[in-house]
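A.B. asks: here are the coordinates; sequence isn't available:
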């Protein structure tokens, strides 16, 4: 049986900002239908690496493959066209508009106005499609017409995830998704991540300082330290203590 190519492969990724080398030959692999944690102290290179994967930065050197096909991203639209979505900590939601408006932000559905050559927003269709996404993910928002700014932090994160799913994402990168959430909201969000994984078709890169969250939903955890990938371990074969030691270099101190 032919071995399936990884969904994402980043090979020998280097990135320099002037004299500062932020990434030093990093290799990253993301498989189909998995949740992979990405951890490291501040300044380890996590954000830089993900900005390269999403096309916000171009690498100084290195290669990116999607299912074995070499790709070049020089703009976020190019990575999005390949099904890569990133949800930043601020979620990039428009708080003054409703849920459907946010889910279709930047790609609003339109219809002709009467028989005139004028197009207007098709709010009904956007609401119908948004409800389908929310129901698919079992996201409970009683009134989709509610302004997003009036929703809880957990609901806002769910809307941002729903937007990525509605864009037919194959990879969702979540930057500190459980930060600043209540324990109850964290539990709901982790349940949502599990549902996405179990539904198939989407892989998740989960960036977090909260190792306990990664160990609850992750399949693997990758560790960056000072711009280098120093660990890539299956969750079932490691511990939070071992990962924390890799993050700070305690393994080198012991040796």
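C.D. replies: Perfect, I can see it now. This structure is a prediction, so every number in the text was calculated from the model and none was measured.
A.B. asks: my read: residue 136 touches residue 161, true?
C.D. replies: No - when contacts are counted by CB atoms under 8 Å, residue 136 is not listed as touching residue 161 (11.1 Å). C-betas here are computed from N, CA, C, even on glycine.
A.B. asks: for the stretch 1-150 of the chain, what spans make up the helices?
C.D. replies: With DSSP state H, counting those that start in this stretch, the ranges of helices along the stretch 1-150 of the chain come out as 46-53, 76-81, 99-103, 123-136.
A.B. asks: Quick one, which of those helices gets closest to residue 148.
C.D. replies: When these are compared by CB to CB, helix 99-103 sits nearest residue 148, at 5.3 Å.
A.B. asks: Name the residues of the closest one that come out as buried.
C.D. replies: Buried positions in helix 99-103, judged by neighbour count with 16 or more other CB atoms under 10 Å: 99, 100, 101, 102, 103.
A.B. asks: From residue 174, how far out is the third one?
C.D. replies: For residue 101, the distance to residue 174 equals 22 Å [CB to CB, to the nearest Å].
A.B. asks: Please, where are all the strands along this protein?
C.D. replies: Along the chain, the segments classed as strands by DSSP state E run 8-17, 20-30, 35-39, 61-66, 69-71, 84-87, 110-112, 119-121, 171-175, 203-207, 220-225, 228-234.
A.B. asks: Output those as a markdown table; include the columns mean pLDDT, distance to residue 214 and mean neighbour count.
C.D. replies: Shown next, in a markdown table, are those (pLDDT from 0 to 100; distance: least, CB to CB, whole Å; neighbours: other CB atoms under 10 Å):
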| stretch | mean pLDDT | distance to residue 214 | mean neighbour count |
| --- | --- | --- | --- |
| strand 8-17 | 98 | 18 | 18 |
| strand 20-30 | 97 | 14 | 18 |
| strand 35-39 | 98 | 4 | 25 |
| strand 61-66 | 98 | 23 | 17 |
| strand 69-71 | 97 | 27 | 12 |
| strand 84-87 | 95 | 16 | 24 |
| strand 110-112 | 90 | 41 | 11 |
| strand 119-121 | 92 | 39 | 13 |
| strand 171-175 | 96 | 11 | 23 |
| strand 203-207 | 97 | 6 | 24 |
| strand 220-225 | 98 | 6 | 23 |
| strand 228-234 | 97 | 11 | 16 |
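A.B. asks: Now flag whichever of the buried residues of helix 99-103 is closest to residue 40.
C.D. replies: Among those, and counting by CB to CB, the member closest to residue 40 is residue 102, at 30.3 Å.
A.B. asks: Measure how buried residue 127 is and give me the count.
C.D. replies: Neighbour count of residue 127, defined by other CB atoms under 10 Å: 19.
A.B. asks: Distance of it relative to residue 159?
C.D. replies: 13 Å.
A.B. asks: Same check on residue 99?
C.D. replies: From residue 99 over to residue 159 (counting by CB to CB), the distance is 6 Å.
A.B. asks: Quickly list what's touching both of these two.
C.D. replies: Both residue 99 and residue 159 are contacted by 141, 148, 151, under the criterion CB atoms under 8 Å, 6 or more residues apart in numbering.
A.B. asks: And those, which is closest to residue 198?
C.D. replies: residue 141 (21.3 Å).
A.B. asks: The closest one: what's it in contact with?
C.D. replies: Here residue 141 is in contact with 99, 134, 151, 155, 158, 159 (CB under 8 Å, 6+ apart).
A.B. asks: Report the two of those separated the most.
C.D. replies: Longest span within these, CB to CB: 134 and 151, 11.9 Å.
A.B. asks: Can you check which residues contact both of these two?
C.D. replies: With CB under 8 Å, 6+ apart, residue 134 and residue 151 have common neighbours 99, 141.
A.B. asks: Look up how far residue 4 lies from the closest residue to residue 5 other than its chain neighbours.
C.D. replies: Distance criterion CB to CB, 6 or more residues apart in numbering; nearest residue to residue 5, sequence neighbours excluded, is residue 68 at 4.0 Å. As judged by CB to CB, residue 68 and residue 4 stand 9 Å apart.
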